[in-house]
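> heads up, no residue letters with this:
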């Protein structure tokens, strides 16, 4: 972080552009190669995966009667472990003390001159239609302009969005930062570039369509002062268009569970917290020490949360809502979710490159929680399709080969996982919906198994892309919430 001064139009002097770009793209990889996902698999991971795959394939060819039940038993154990972890995190999150709160009165009581310098990064690409609303939403932040800088990070060759931003009129404390076109074309690369020109003591990120609680920055400042051990504060994310269609209802209920219960549960045990892609507030000095974001990781947020934990830092969850647009198109949703799943696997692989060091810092329970949440989620989702197909084949023809895969011990464990796991998943989803008062999501929650099918498709796609296009960033299209009707009741929520 250098705090170099830029013109409002975002033009960067030629002598600075290339050095800032080189730092944004290769800074982390140069300083700490093992922390970068530029190489998806290090040597021992690559050979371990090849070895496991070879053993399984040879086993199915030579001794299928032994291999099939062993593989099925391993998958069942994964399901049972993931189910147990979800229950544990959910129960922990039920404790109201796991989420941090700052009242409106306390947030407003701090004098303006006592507030630290704050940097807000807003990366956007191919989104000219949201620029006007973006400026309105950012203008609603309750923070003194002389202690605030908002850097709107646009790709220099994204002429439509750049022209829209300039036409809208960017005035202090907002500044345009034009990121030179370079691979990888990712959000974290843009954020790293923007940090070369930032001077805030605290840094946060908002997406272009976000509508944050106006007092969110003040609340985060108070939490950092209240608890000096915090390195990061993650605000809650919620959707304003949860009633647009069945997909947005599923997405809204899922987010309610994730940000109201599971992340607070992780935080309460000081386990790694995979950050959301927006509204995470970070101490700038800690961010710099951690190396910034990894431009080769397509879930740079989750990766940074893990990296902070592996360095011994803590993350808290703040009860302050940022409203977003839920993805309402199934194809667009699969593109987004497959990127998330791919990034979860990337982040877990990077964190486990030095497994003994990771265990030493975050402990065995924390490491297990990280693996089950980040690697277990996409792997279990992908495996679902295989078991559903086996179930259909068994119902239609009852072939002996499938019966071989389920000896009595495996069969009963699988049955417990299926019955109890599905009931608890539906129940926790209902509670997640209730967390933000969405009682109208009842029908969607009861139809959640259909949502799991979409997750399975996205997981298979994400795993495939991890092997072939690990750093490819699939752009999520925004602005599908059908305009004014969806946003009329979307005023940011404040904690009571």
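On my side now, so go ahead. These numbers come from a predicted model, not from an experiment.
> any idea how far the longest helix along the chain is from the chain center?
In the chain, taking DSSP state H as the definition, the longest helix is helix 64-94. Relative to the mean C-alpha coordinate of its chain, helix 64-94 is positioned 23 Å out (C-alpha atoms, centre = their mean, to the nearest Å).
> could you say what helices and strands it packs with?
helix 43-62, helix 263-268, helix 355-370, helix 376-397, helix 400-404, helix 408-435 (3 or more C-beta pairs under 8 Å, 6 or more residues apart in numbering; DSSP states H and E). From N, CA and C alone the C-beta is placed, and that goes for glycine too.
> ok, now which ones touch residue 447?
When contacts are counted by C-beta atoms under 8 Å, 6 or more residues apart in numbering, residue 447 touches 246, 250.
> let's see it at 10 Å
The contact partners of residue 447, taken as C-beta atoms under 10 Å, 6 or more residues apart in numbering, are 246, 249, 250, 426.
> want to throw these into JSON lines with secondary structure, neighbour count and distance to residue 71?
Formatted as JSON lines, those follow (DSSP: H, G, I helix; E, B strand; the rest coil; neighbours: other C-beta atoms under 10 Å; distance: C-beta to C-beta, whole Å):
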{"residue": "246", "secondary structure": "helix", "neighbour count": "16", "distance to residue 71": "34"}
{"residue": "249", "secondary structure": "helix", "neighbour count": "27", "distance to residue 71": "35"}
{"residue": "250", "secondary structure": "helix", "neighbour count": "25", "distance to residue 71": "30"}
{"residue": "426", "secondary structure": "helix", "neighbour count": "15", "distance to residue 71": "27"}
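> quick one: which of the helices and strands packed on helix 64-94 is nearest residue 89?
Nearest of the helices and strands packed on helix 64-94 to residue 89, taken as C-beta to C-beta: helix 263-268 at 3.5 Å.
> and whatever helix or strand comes next after that closest one, what does it pack onto?
Moving toward the C-terminus from helix 263-268, the next helix or strand (DSSP states H and E) is strand 280-283. Judged by 3 or more C-beta pairs under 10 Å, 6 or more residues apart in numbering; DSSP states H and E, strand 280-283 is in contact with strand 118-124, strand 202-205, helix 216-226, strand 230-239, helix 284-290, helix 300-310, strand 314-324.
> so what are the sheet partners of strand 280-283 and their directions?
When pairing is defined by DSSP bridges, strand 280-283 lines up against strand 202-205 (antiparallel), strand 230-239 (antiparallel).
> now the angle from the last one to strand 314-324?
What that stands for is strand 230-239. Put simply, strand 230-239 runs at 30 degrees to strand 314-324, going by axes from the mean of the first three to the mean of the last three C-alpha atoms, to 10 degrees.
> ok, which of the helices and strands packed on strand 280-283 comes nearest residue 185?
Counting by C-beta to C-beta, residue 185 lies closest to strand 118-124 out of the helices and strands packed on strand 280-283; the figure is 11.1 Å.
> neighbouring strands for the closest one, and are they parallel or not?
Applying DSSP bridges, strand 118-124 is found paired with strand 148-155 (parallel), strand 202-205 (parallel).
> worst mean pLDDT among the ones you listed?
In terms of mean pLDDT, the lowest-scoring of the strands paired with strand 118-124 is strand 148-155 (a mean of 94).
> can you give me the pLDDT of residue 241?
89.
> give me the phi and psi angles of it.
Torsion angles at residue 241 (phi, psi; degrees, to the nearest 10) stand at phi -120, psi 40.
> so it touches residue 326, yeah?
Yes. Using C-beta atoms under 10 Å, residue 241 is in contact with residue 326, at 5.4 Å.
> buried ones in stretch 122-131?
Burial within stretch 122-131, assessed by neighbour count using 16 or more other C-beta atoms under 10 Å, is assigned to 122, 123, 124, 125, 127, 128, 130, 131.
> any idea how far the fifth one lies from residue 332?
The one in question is residue 127. 14 Å (C-beta to C-beta, to the nearest Å).
> one step back: could the strands paired with strand 118-124 go into JSON lines alongside mean neighbour count and distance to residue 59?
Output for these, formatted as JSON lines (neighbours: other C-beta atoms under 10 Å; distance: least, C-beta to C-beta, whole Å):
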{"stretch": "strand 148-155", "mean neighbour count": "24", "distance to residue 59": "48"}
{"stretch": "strand 202-205", "mean neighbour count": "24", "distance to residue 59": "46"}
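> now those in TSV, with distance to residue 115?
Below are the strands paired with strand 118-124 laid out as TSV (distance: least, C-beta to C-beta, whole Å):
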stretch	distance to residue 115
strand 148-155	9
strand 202-205	10
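> and of those, who's closest to residue 20?
Residue 20 lies closest, by C-beta to C-beta, to one member of those: strand 148-155, at 11.9 Å.
> between that closest one and helix 216-226, how big is the angle?
Orientation check (the same axes, to 10 degrees): strand 148-155 against helix 216-226 gives 120 degrees.
> centre of the chain to stretch 242-260, how far?
On the basis of C-alpha atoms, centre = their mean, stretch 242-260 sits 15 Å off its chain's mean C-alpha point.
> likewise stretch 348-366?
The answer for stretch 348-366 is 19 Å, by C-alpha atoms, centre = their mean.
> where does the prediction get shaky in the protein?
For the chain, the stretches flagged by pLDDT under 70 are 1-14, 432, 434-439, 478-496.
> residue farthest from the centroid of it?
residue 400 (42.3 Å; C-alpha atoms, centre = their mean).
> ok, so what distance separates it from residue 413?
Taking C-beta to C-beta as the measure, residue 400 falls 21 Å from residue 413.
> go on, residue 174?
57 Å.
> those two: which is more packed in?
residue 174 (22 against 17; other C-beta atoms under 10 Å).
> look up the closest residue to residue 196, ignoring the ones flanking it.
Spatial nearest neighbour of residue 196, excluding adjacent residues (C-beta to C-beta, 6 or more residues apart in numbering): residue 20 at 4.1 Å.
> share the number of residues neighbouring residue 214, please.
There are 19 residues near residue 214, going by other C-beta under 10 Å.
> now it, what's its secondary structure?
Secondary structure assignment for residue 214 (DSSP: H, G, I helix; E, B strand; the rest coil): coil.
> mind checking how far it is from residue 142?
Distance of residue 214 to residue 142, given as C-beta to C-beta: 4 Å.
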